[in-house]
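A.B. asks: here is my input; please provide its structure:
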Amino acid sequence: MKPAYKVGGGAGGANFRGNNNNAALDEERDDGNADMPAPHMQGVSDTVWKVGCYKINPSTPSGQKFFILHMLVLPLIPITALVIQNSVTMNTLLGYQSRVSTIRRQVRGAMEIAVFIQNIQEERAEVALYIFTNQTNAVINSSIIGNNNNRMGIQERFRQTDRALEEVPTWPNIDKSLTNTKVIPIGVGGADGAEAFKSKLKFQIQHEVFRVKVREGRFGEITEILAWYEYINDVILDHLDDEIKSTNKSGVWRYLISFKNLLRAIENIGIVSVYGIRYLTTGNVTQQNFIKYVEHDTLIWEYLNSSIHLAPYLEKKFRKIYEGEAYRFYRKSDKVILNNALDLDKGSSDISSALKYFNSITDYMMQLRQALEELRDDIESVAQDELNAADQEKMIGIAILSFISLVTLVFYFFVKNALSVIRVFAKEVMEKVRELDAEKMKTEKAFHDFLPTTVVRDLKKKKILAENFSCVTIFFGDIIGFNELTSDCTANELIEFMNLFYATLDTRISKFKVYNVHTMADEFMVVSGMPNKIGDRHVSEIASMALDLLAGSVVFQIPHRPNSRLNIRMGVHSGPACGVVAGSKIPNYCVMSDTANIARVMEKMGEGMRIHISATSKELLDKVGGFRCEYRGVLDIGSKRGQIETFWLIGPDKEPDSDLSCHDNMEKHLSLND
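C.D. replies: So this is what the prediction gives:
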């Protein structure tokens with residue numbers, strides 16, 4: 001049975017102090033105080049602590065064990081994270097160390113391959129000179145060879161290339177796709193590129209087939225000779241490109257790219273030298289050969305500039321090379337070739353110039369190879385520095401892991417001792433916590449018993465506790481013949497009747513956006529539009545609630561009088577009101593307004609099982625729509641208020657759906673109007 005409060009007020013207004021229903025506390029908990037236990041759980045859940053996703057009760061032995069385990073494990077989480085982090089770092093360092101070692105092996109392998117490429121390039125120049133001089137004048141060729149320090153004869157050059165090939169310890173595992181994408185022009189008979197690079201032996205066989213054709217003079221055009229050598233160098237250099245790409249996370253990557261570009265530059269110088277030798281020995285070149293000459297001459301500078309960009313210190317070395325006699329003669333001959341190659345009248349065979357050109361360009365290539373060897377040494381030095389740094393970081397990581405392990409053991413010992421002390425005070429602390437939670441629950445419940453949920457929130461936030469409302473709707477209702485119904489019943493029957501009545505009342509009222517301000521005996525007061533503002537819907541909420549109470553009273557059975565029925569009289573009025581929280585020890589929510597007095601008059605002057613509303617409420621209902629009213633007449637409600645028109649609320653303006661309540665139909669109608 002709900003507590004009741006007296007109604008007071010004078011001629012100018014009424015002061016109604018009310019209580020909230022028991023669902024308010026649950027609503028407050030749902031709105032933001034999820035940790036606050038429900039009243040029926042008090043004494044069981046007040047000692048339950050939420051630890052992460054678990055709930056424990058430290059007052060029980062199992063809860064204490066779990067709490068101790070939690071306190072021991074929790075500090076170990078960051079330590080474990082540190083151990084994992086350092087382990088990952090160690091693993092990364094070991095992987096990096098392995099990569100650096102692999103890079104060193106790749107650099108050494110590249111150097112060995114570079115020596116072989118150097119001999120192939122020199123062999124190409126020697127073969128070109130051999131063919132062109134033989135085609136021109138073999139006697140002159142023989143007379144000059146003795147004074148040529150860079151020429152050793154084609155047979156000796158072949159033998160030197162073979163020795164360089166034998167010194168390659170491991171034949172590179174060249175991807176088959178590299179050989180498939182390179183095409184050997186028709187005419188290089190017997191040179192099978194797809195088979196040549198499967199092993200060192202197969203390469204030697206294919207290369208020797210090519211040499212036999214050279215010695216026998218079975219090549220009619222210089223492009224047929226260049227095709228095989230270019231094919232060899234392109235495949236091997238592309239293989240080096242792939243090897244360098246696999247080291248792009250290392251600090252030597254830029255130097256390796258510079259190394260590769262310098263190799264490419266030397267390769268293009270070798271190709272250019274062949275076309276230059278042809279021009280100087282024969283006095284002419286074809287237009288196609290001239291285009292190739294210009295193309296490769298341009299590539300030389302592209303690759304050299306790229307090498308300087310990636311390894312700037314090479315610029316000083318290159319400048320010194322450019323000041324040498326070999327480079328100057330090479331560039332002088334290059335200008336002559338570019339200016340006169342396509343003019344047949346200016347071309348002439350000059351074996352002496354061809355040999356000098358051969359010597360100068362060979363010296364120039366040797367100087368670039370020396371720079372290449374210095375760059376190789378720098379790459380190995382940088383790789384060794386990175387390897388040493390990786391070793392040092394690995395040792396630091398091991399030291400950190402050892403230190404963390406030691407600190408973990410010491411920390412575990414101190415935490416365990418501290419927990420043993422904490423357990424001594426656990427019971428006392430839990431008792432205090434239980435008492436504190438109990439007092440807190442009493443305070444919270446006291447607030448919700450006397451105040452609306454929103455007002456409780458405002459009290460906690462220390463907001464203003466008084467507010468004016470321009471328009472609200474107030475409902476009064478009472479049971480006609482209440483004294484007669486309860487006159488002959490026992491105390492237990494009265495309690496049973498009142499509990500059932502108020503439980504039914506609370507259940508039906510809770511379906512609407514209204515607040516039950518006042519209940520006392522058989523009288524109850526409900527307001528909508530305050531303290532929560534809902535626009536003009538306050539009148540429709542009260543109307544829907546009144547119709548729902550009217551329907552509920554028809555089926556309500558009085559326990560001690562099963563054949564009797566409730567006869568409820570209801571009155572409604574709309575107007576301004578003021579909501580005030582009064583009282584300090586026991587605050588109450590009071591409705592200060594003459595609107596409440598008029599609503600009570602409407603109820604007193606109404607009839608049983610009918611809803612009596614004022615003209616103001618009727619106008620608001622017409623504005624909202626969805627309800628039917630019937631004119632009653634003009635009533636005199638006092639000398640100060642005069643006469644007002646009143647109406648009977650009949651019901652909705654159409655029959656509701658069978659599976660919807662009156663309130664649901666009202667919501668549906670309002671949504672359609674919106």
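A.B. asks: can we go C-alpha only for contacts and neighbour counts from here?
C.D. replies: Will do.
A.B. asks: check contacts around the closest residue to Glu467 other than its chain neighbours.
C.D. replies: By the measure of C-alpha to C-alpha, 6 or more residues apart in numbering, the closest residue to Glu467 outside its immediate chain neighbours is Gly579, 5.3 Å from it. Contact partners of Gly579, counting by C-alpha atoms under 8 Å, 6 or more residues apart in numbering, are Ala466, Glu467, Asn468, Phe469, Met530, Pro531, Tyr589, Cys590, Val591, Met592.
A.B. asks: hmm, 7 Å instead?
C.D. replies: Gly579 sits next to Ala466, Glu467, Asn468, Pro531, Tyr589, Cys590, Val591, Met592 when contact means C-alpha atoms under 7 Å, 6 or more residues apart in numbering.
A.B. asks: which one of these is nearest Asn119?
C.D. replies: Proximity of those to Asn119 was ranked by C-alpha to C-alpha; the top entry is Pro531 with 98.2 Å.
A.B. asks: give me the secondary structure label for the closest one.
C.D. replies: Pro531 carries the three-state label coil when classified by DSSP: H, G, I helix; E, B strand; the rest coil.
A.B. asks: got any ranges where the stretch 451-600 of the chain has weak pLDDT?
C.D. replies: 462-464 (pLDDT under 70).
A.B. asks: which residue ranges of it form strands?
C.D. replies: 466-479, 515-520, 523-528, 568-582, 588-593 (DSSP state E, counting those that start in this stretch).
A.B. asks: nearest spatial neighbour of Cys119, skipping sequence neighbours?
C.D. replies: Cys isn't right for residue 119; it's Asn. For Asn119, ignoring the flanking residues on the chain, the nearest one in space by C-alpha to C-alpha, 6+ apart is Thr161 at 5.2 Å.
A.B. asks: show me which residues of the helix or strand harbouring the one you found are buried.
C.D. replies: Thr161 belongs to helix 154-166 when assigned by DSSP states H and E. Residues Ile154, Arg157, Phe158, Gln160, Thr161, Asp162, Ala164, Leu165 are the ones in helix 154-166 that count as buried (16 or more other C-alpha atoms under 10 Å).
A.B. asks: now stretch 271-288
C.D. replies: 271-285.
A.B. asks: what's the answer for stretch 309-328, then?
C.D. replies: Buried residues in stretch 309-328 (16+ other C-alpha under 10 Å): Leu310, Ala311, Leu314, Lys317, Ile321, Ala326, Tyr327, Arg328.
A.B. asks: got a markdown table for these, with pLDDT, secondary structure and distance to His70 too?
C.D. replies: Below are the buried residues of stretch 309-328 laid out as a markdown table (pLDDT from 0 to 100; DSSP: H, G, I helix; E, B strand; the rest coil; distance: C-alpha to C-alpha, whole Å):
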| residue | pLDDT | secondary structure | distance to His70 |
| --- | --- | --- | --- |
| Leu310 | 87 | helix | 57 |
| Ala311 | 87 | coil | 58 |
| Leu314 | 88 | helix | 63 |
| Lys317 | 89 | helix | 68 |
| Ile321 | 90 | helix | 74 |
| Ala326 | 88 | helix | 81 |
| Tyr327 | 89 | helix | 79 |
| Arg328 | 89 | helix | 82 |
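A.B. asks: what sits up against the helix holding Thr161?
C.D. replies: By C-alpha under 7 Å, 6+ apart, the residues outside helix 154-166 that reach it are Val115, Phe116, Asn119, Ile120, Glu123, Glu126, Val127.
A.B. asks: kindly recompute the last result at 6 Å.
C.D. replies: Helix 154-166 is contacted from outside by Phe116, Asn119, using C-alpha atoms under 6 Å, 6 or more residues apart in numbering.
A.B. asks: likewise stretch 551-570?
C.D. replies: Residues from elsewhere that reach stretch 551-570 (C-alpha under 6 Å, 6+ apart): Phe476, Gly477, Asp478, Ile479, Ile480, Glu603, Glu607, Gly608, Met609, Ile611.
A.B. asks: let's see 7 Å
C.D. replies: By C-alpha under 7 Å, 6+ apart, stretch 551-570 touches 476-480, 493, 497, 603, 606-612.
A.B. asks: out of those, the closest to Glu380 would be?
C.D. replies: For the contacts of stretch 551-570, the residue nearest Glu380 by C-alpha to C-alpha is Phe476; the value is 97.7 Å.
A.B. asks: and for the closest residue to the closest one other than its chain neighbours, the neighbour number?
C.D. replies: Leaving aside its chain neighbours, Phe476 sits nearest to Met525 (4.7 Å; criterion: C-alpha to C-alpha, 6+ apart). By the criterion of other C-alpha atoms under 10 Å, Met525 has 22 neighbours.
A.B. asks: now Trp228
C.D. replies: Trp228: 21 surrounding residues under other C-alpha under 10 Å.
A.B. asks: how far is the helix or strand it falls within from where the chain is centred?
C.D. replies: Secondary-structure assignment from DSSP H and E places Trp228 in helix 222-245. The chain centroid and the centroid of helix 222-245 are separated by 46 Å, computed with C-alpha atoms, centre = their mean, to the nearest Å.
A.B. asks: which neighbouring elements make contact with whichever helix or strand comes after that helix?
C.D. replies: For helix 222-245, the succeeding helix or strand toward the C-terminus, using DSSP H and E, is helix 253-282. If you count contacts as 3 or more C-alpha pairs under 7 Å, 6 or more residues apart in numbering; DSSP states H and E, helix 253-282 packs onto helix 61-136, helix 287-310, helix 351-450.
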